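Engineer: Return atomic coordinates for the entry below.
(one chain, ligands or ions: 1)
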Amino acid sequence: MTFRFVDLIAAYAQRNKVALDPNWMGTESINLTVDDSAALASLCEELGWKCAANSARPRAHHFPLLAFVSEYGWTIAESWTNEAQIRLITTKGVVEVDWTNSITFWTVDFPKLAKIEGTERAINIFWSAILKRKTIIVDATIATIVINLIALVTSIYSMQVYDRVIPRAGYSTLLVLTAGMVFALIVDMVIRNTRAMMIDREAGNIDSEISEFFYARMQSVRLDARPASVGTMAAQLRGTDQVRSLMSSASLFVIADLPFAFLFMVVMAWLGGIVAIVPLIAFPLALGLAAMMARFIREDTAAAQVTGNRKNGQLVEALDAAETIKANSGGWHMLANWNRLNDEVHGHDIQVKRWSTLSGSGFSLIQQLSYVGVVCVGAFQVASGNMTMGAVIACSILSGRVNGPLIASLPTLIVQWGYARSSLTALDGILTMPSDQPTDFTTVRQTEIRGSLKFENVKFAHQGSRHGLNLPTLKITPGERIGIIGPVGSGKSTLLKLMAGLYASNEGHVLLDGVDVRQIAEEDLRSQVCYFPQHYRLITGSLRSNLNLGLAAQDDDILLQAASKTGLAELVKNHPMGLDLPISEGGNGLSGGQRVQVGLTRLILAKPKLLLLDEPTANLDQESEARILSAILEAIGPQCTLVFVTHKLPLVSLVNRLIVVTNGQISLDGPTNAVLERLRPKTEKTTNTGQRIIVREQNHV
Ligand SMILES: Nc1ncnc2c1ncn2[C@@H]1O[C@H](COP(=O)(O)OP(=O)(O)OP(=O)(O)O)[C@@H](O)[C@H]1O
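Structural biologist: Residues are numbered from 1 along each chain as shown. All right, here's what the predicted structure looks like:
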């Protein structure tokens, strides 16, 4: 067996920390099982990738490389292990082979798609999205140059009018100059609007690109690594809005305007000599003030942001848990928390506003002083004959242009930057959370999962928890029917999530068909391993969309056939909209049992190879429970491995093996009857002959 093309390229891309476009998987049909390098080259060309071959001895920093070795087929050459040998990743595992120049190495140069997890920082995601749009940056820069040149022309116009037109009463010249000026100002307006429209349109594209990236990243965060508050995490993600609005904000043009401040100072020096000293002092003063304010504001914007996110978390919790809160008169408690957070946010906001107002008035003072300074120094220059009146007017206009854009935009920009900065920190936090498919694992495609499981020295504890699961060994063979029982909080659900690959062990390995479960490609794993959680939630949409969730859309008659097995068909029949029955968030509008019926019907449609059920029938009556479980058993067939957690002892009659979890450890594991026998409480009895014996009582749930 050799690597298939998809596996090879996916593994190679992952080692290069490049996220591939999911659509490229379309070429899956092509198998590079022979040294068909030409096929690799033509496929890369088709996909817009560049690949290059090299038979020379690779240097240490050139790895990883693709290589074809007759004994192993296509492999990934990872590194030198010594002077003469190369470490290869093959389908048979990691091997070391002697280097000969008959081995051809290949590199594939992928287009710079989003990098995946690990070293990436949120700010880089934004910059790469912006820098990708080079034409727009060039156009906006040209527009900014023209706008600033028009500002220069305005000052020259004033100088000409004061120095040439008024003394000579040259009114026809005035009309020509004014007409030219009006035209320039109209051009200025058109360019400004076009620039703003261009930026807005691109900001929309950047926004959808960035939000798609972060949404996908948020979805891929491993379940056991998620923060406790859903609302807080949602608010952190919304931080992308703040960063994007800063990056596309018109006030950001102040940065593009900055180089022109120096041009204007040069022109002022040319027109008025020493007058240029005024902006030379005022400009760095304004920049210094901006830097100082940004520093002062930083702590408060960060604190306001963190508290604001927590406030969002509290809001989501209050809405989500409304039933519990109302039923337990918890409203006052929640309100008190809400008010506390509100006051905290308000306190920080007020500080931010104070600094912002102070900086606004500080900039305005610098601007006015600069104007007064130019007029004052200009007056001395005029008196000494070094400058004309018109030049003084032109210099006063130019001094406004040196500091003007800064003064107009900086207070807002500083506050926006403060919030964006703390949003970026929160987004960095999301990027560092471990994802379902870590980059240090090579993904393996497993289109045919058989359903055998093996735990090797597995240890797992939740974040911040000292106690967890400790499973030195556990083996499950394909087709086994296993029940897991144990006291509340003993670790049954955690064990099931480890089997499903939803949690990652802290130590040891969970192997599915001999491959680490985290290594198996997500789409292969989820399509063949079905996990049914303790609290099954439905998704906003229709009954049909919930039944088809993650599956290829099925015909209605197939859906109805499956629904009739779980009793869900009753609901469909009795609702005027049938399968189009609308479902709101979480499945509100359906009873707890009906939600479970929807989830279990979907399982029948999914036909998994490994089925993991966490108390699937907790919400069902006895009759439905028996019917649904036998329908599921029939649908999955004898080859499917079934593991379910239950507190209902009658259900264990469905399984032939029982595992008892106590305190995070497997305390009993064996044939159902044997385990039940061991579990029966013992009592001491005296027989008729006076002999004292130990008997086991009936089991109780
Ligand atoms: N998200 C979490 N964060 C921290 N600790 C958790 C989390 N989920 C569960 N735990 C802890 O892990 C332990 C095992 O929980 P688990 O849900 O696996 O128990 P269980 O045996 O399924 O319980 P039950 O029968 O009540 O469903 C418990 O002590 C629980 O407090």
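Engineer: List, one by one, the residues from the stretch 451-600 of the chain near the ligand.
Structural biologist: By C-beta under 6 Å from any ligand atom, the residues of the stretch 451-600 of the chain that approach the ligand are 462, 465, 486, 488-494, 534. All C-beta spots, glycine's among them, are computed from the backbone N, C-alpha and C.
Engineer: In helices only, show me the residues you listed.
Structural biologist: 492-494 (DSSP state H).
Engineer: Same list, those, but as CSV with pLDDT and neighbour count please.
Structural biologist: CSV is the format used below for these (pLDDT from 0 to 100; neighbours: other C-beta atoms under 10 Å):
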residue, pLDDT, neighbour count
Lys492, 93, 24
Ser493, 94, 18
Thr494, 94, 20
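Engineer: Secondary structure element holding Pro616?
Structural biologist: Using DSSP states H and E, Pro616 sits within no helix or strand.
Engineer: Next one: it, what pLDDT does it get?
Structural biologist: Here the pLDDT value assigned to Pro616 is 84.
Engineer: Quick one, which of the residues of the stretch 451-600 of the chain next to the ligand are buried?
Structural biologist: 486, 490-494 (16 or more other C-beta atoms under 10 Å).
Engineer: Among these, which one sits closest to Ile142?
Structural biologist: Distance to Ile142 across those (C-beta to C-beta) is lowest for Thr494, with 59.6 Å.
Engineer: Skipping its backbone neighbours, what lies nearest that closest one in space?
Structural biologist: Nearest residue to Thr494, sequence neighbours excluded (C-beta to C-beta, 6 or more residues apart in numbering): Leu469, at 5.6 Å.
Engineer: wait, isn't the one you found in contact with Gly664?
Structural biologist: Yes: between Leu469 and Gly664 there is a contact under C-beta atoms under 8 Å: 4.5 Å.
Engineer: and the next element down the chain from the host helix or strand of Ile277?
Structural biologist: In this assignment (DSSP H and E), Ile277 forms part of helix 277-320. Sequence-wise, the next helix or strand downstream of helix 277-320 (DSSP H and E) is helix 322-327.
Engineer: and that next one, which residues are buried?
Structural biologist: Those would be Ile325, for helix 322-327 by 16+ other C-beta under 10 Å.
Engineer: Put the alpha carbons of that helix into CSV.
Structural biologist: This file holds the C-alpha atoms of helix 322-327, laid out as CSV (Å, rounded to 0.1, in the frame of the first residue of the first chain):
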residue,chain,number,x,y,z
ALA,A,322,-34.2,31.3,31.8
GLU,A,323,-36.2,28.3,32.8
THR,A,324,-33.9,27.3,35.7
ILE,A,325,-33.4,30.9,36.8
LYS,A,326,-37.2,31.7,36.8
ALA,A,327,-38.1,28.4,38.5
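Engineer: quick one: average confidence on that helix?
Structural biologist: pLDDT averaged over helix 322-327 gives 84.
Engineer: Give me the contact list for that helix.
Structural biologist: 318, 330-331, 334 (C-beta atoms under 8 Å, 6 or more residues apart in numbering).
Engineer: Who are the packing partners of the helix or strand following that helix?
Structural biologist: Per DSSP H and E, the first helix or strand lying C-terminal to helix 322-327 is helix 331-383. Secondary-structure packing of helix 331-383 (3 or more C-beta pairs under 8 Å, 6 or more residues apart in numbering; DSSP states H and E): helix 253-272, helix 277-320, helix 389-431.
Engineer: Throw those into JSON lines and include distance to the ligand and mean neighbour count, thanks.
Structural biologist: Shown next, in JSON lines, are the helices and strands packed on helix 331-383 (distance: least, C-beta to the nearest ligand atom, whole Å; neighbours: other C-beta atoms under 10 Å):
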{"stretch": "helix 253-272", "distance to the ligand": "44", "mean neighbour count": "18"}
{"stretch": "helix 277-320", "distance to the ligand": "15", "mean neighbour count": "19"}
{"stretch": "helix 389-431", "distance to the ligand": "18", "mean neighbour count": "22"}
